[in-house]
Every structure is written in structure tokens, then in C-alpha cells.
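**Student:** Got a sequence here, can you model it:
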Amino acid sequence: MVQTATEWSQETIARCVSCVVRSRRAVRAFKAEPLRRELVEEILEDAAAAPSGANIQPWKVYVVSGAVKDALATALVAASRAGTAPAPAHFPEPLPDVFRARLHDFGARYFASLGIERSDAAARTRQTERNYSFFGAPVGLIFSIDRRLKPHSWIDLGLFAQSVMIAAKARGIDTCPQVAFAPFHDEIASHLQMPPEEITAFGMSMGYGDFEAPVNQASMPREGRHDFARLLGFSP
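**Tutor:** Numbers count the residues shown, from 1 in each chain. Now for the predicted structure:
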């Protein structure tokens with residue numbers, strides 16, 4: 001018999017949530033095992049509980065699998081090789097030093113886990129292209145939003161995506177959010193028949209992670225709460 005949350009102690013709930021949140025990680029190699037549609041639907045139903053300003057719920061998500069996913073991946077790899085997409089602009093230039101240091105650290109750890117040298121541009125390009133095939137995951141998601149909305153609504157979209165990842169991990173399913181899809185909006189919109197008011201925000205891979213793959217064993221450090229949080233007005 002499945003218990004409802006109200007039947008659990010607060011300590012049990014907190015420990016479960018903490019375990020799920022802390023065990024979630026970006027996975028970039030997946031097993032071939034498919035995902036049942038019913039599981040994906042359950043994840044999306046949970047994620048729909050995400051908060052949004054004035055409850056406008058600005059998120060849209062296109063979930064692709066099988067031949068649809070493969071056709072989209074083929075088109076995006078072709079577009080990447082043709083150089084027709086705008087240059088990625090994920091971060092401002094100049095990027096502040098503290099963030100640039102973290103970016104460089106990520107790149108060093110990521111490519112080292114794959115055995116790819118910094119000087120091997122061809123191998124780095126091939127690995128980047130794996131983004132567009134969703135790293136071999138059985139399911140891909142494309143998140144979009146109405147382009148007329150302001151930045152706080154994009155935050156709502158991020159809250160929804162985080163809810164997707166947590167709901168997936170609670171079911172033993174792994175994910176990887178990927179901004180690499182954003183420059184290819186034209187190709188994505190054409191394949192998925194997006195209405196003109198929508199813009200591609202990012203993509204996500206979803207499936208069962210292959211944790212024997214070295215890329216999934218790379219350690220990505222996190223700042224501690226003392227580094228990013230200020231707690232004010234509390235009693236000693």
C-alpha cells in the first residue's frame with residue numbers, strides 16, 4: 001500500500017527529498033533501456049506543480065523519442081556542421097573571473113573524464129555533437145517559452161525544469177539539462193512545429209544513466225552554503 005506524504009514523519013520526508021536532490025547529477029551517457037510513456041507522463045504531472053509568478057505557468061515542453069528524436073538529432077548535427085546556427089552566447093563577455101574559473105574547471109574535468117586533450121579540437125567537436133543526439137538517451141525534451149515574456153518568467157521555466165529532474169530522479173531516472181540546443185531554434189521549431197511566439201530555451205536528456213561510463217564518474221564540485229549564502233537576523 002502506498003502511503004501519502006501526510007502519513008510520513010517530517011524527518012522521513014526531509015531525508016527522502018535531500019537524498020533525491022543531492023543524488024541528481026547531469027548524466028551524459030545512458031543505457032539503451034527505453035522509458036515507458038507512463039513514467040514520463042507521471043514525471044510531467046509532478047513537475048506541473050512547480051510555482052510560477054501569478055500562476056501563469058509559462059512552460060512548454062516537447063518530449064521526443066524513437067524516430068522523431070532520431071530525425072531531430074540528425075537535423076541538428078547537420079546544422080552544427082554546416083555552421084548555420086548563431087554563435088552560442090550562453091555567457092556574457094567578459095565573464096567575471098569567479099565564473100570563468102568555474103567554467104574552465106568544468107571543461108577540464110569533463111574532457112579529462114573522456115580522455116580528450118585540450119588541443120584535440122576534432123574530438124571536442126564530436127563530443128559536443130553528442131548533445132544533439134541527447135547523449136544516447138531514449139527520451140529527449142525541448143523546453144520552450146513565449147518569447148514575449150520577461151526574465152522572471154524564464155525563472156519559472158527553470159523551476160519547472162528542476163521539478164522535472166527531481167521527479168525523474170525520485171523514480172531512478174537520470175537527466176541532463178542542455179543549453180546547447182538553444183542556438184538551433186529554427187531547426188527545432190521546424191521539426192516540432194512550434195508556433196511563432198515560442199522560443200527554444202534548452203533541451204534535456206532523460207533515461208537510465210550508464211554509470212560505468214567514465215564521463216558519468218567525473219566529480220563536479222559545489223560551493224558550500226557558507227560561500228553563497230548570508231543568513232541575517234537569526235538568533236545565535
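**Student:** okay, and for the protein, where does confidence drop off?
**Tutor:** Residues of the chain that meet the criterion pLDDT under 70 lie in 1-6.
**Student:** Mind doing that once more with 80?
**Tutor:** Along the chain, the model assigns pLDDT under 80 to residues 1-7, 84-89.
**Student:** all strands for it, in order.
**Tutor:** For the chain, applying DSSP state E gives strands covering 59-65, 139-146, 174-178, 198-207.
**Student:** Dump these into TSV; add mean neighbour count as well.
**Tutor:** The C-beta positions use only the backbone N, C-alpha and C, and glycine is treated the same way. Converted to TSV, the strands of the chain look like this (neighbours: other CB atoms under 10 Å):
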stretch	mean neighbour count
strand 59-65	20
strand 139-146	23
strand 174-178	23
strand 198-207	23
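**Student:** Grab the most central residue of this protein for me.
**Tutor:** Closest to where the C-alpha atoms of the chain average out (CA atoms, centre = their mean) is P177, at 1.1 Å.
**Student:** could you check the distance from the nearest residue to that one once chain neighbours are set aside over to V179?
**Tutor:** Spatial nearest neighbour of P177, excluding adjacent residues (CB to CB, 6 or more residues apart in numbering): M204 at 5.1 Å. According to CB to CB, to the nearest Å, M204 stands 10 Å off from V179.
**Student:** what do you get for L141?
**Tutor:** Note on L141: its distance to V179, by CB to CB, is 13 Å.
**Student:** before we move on, what about I166?
**Tutor:** 19 Å.
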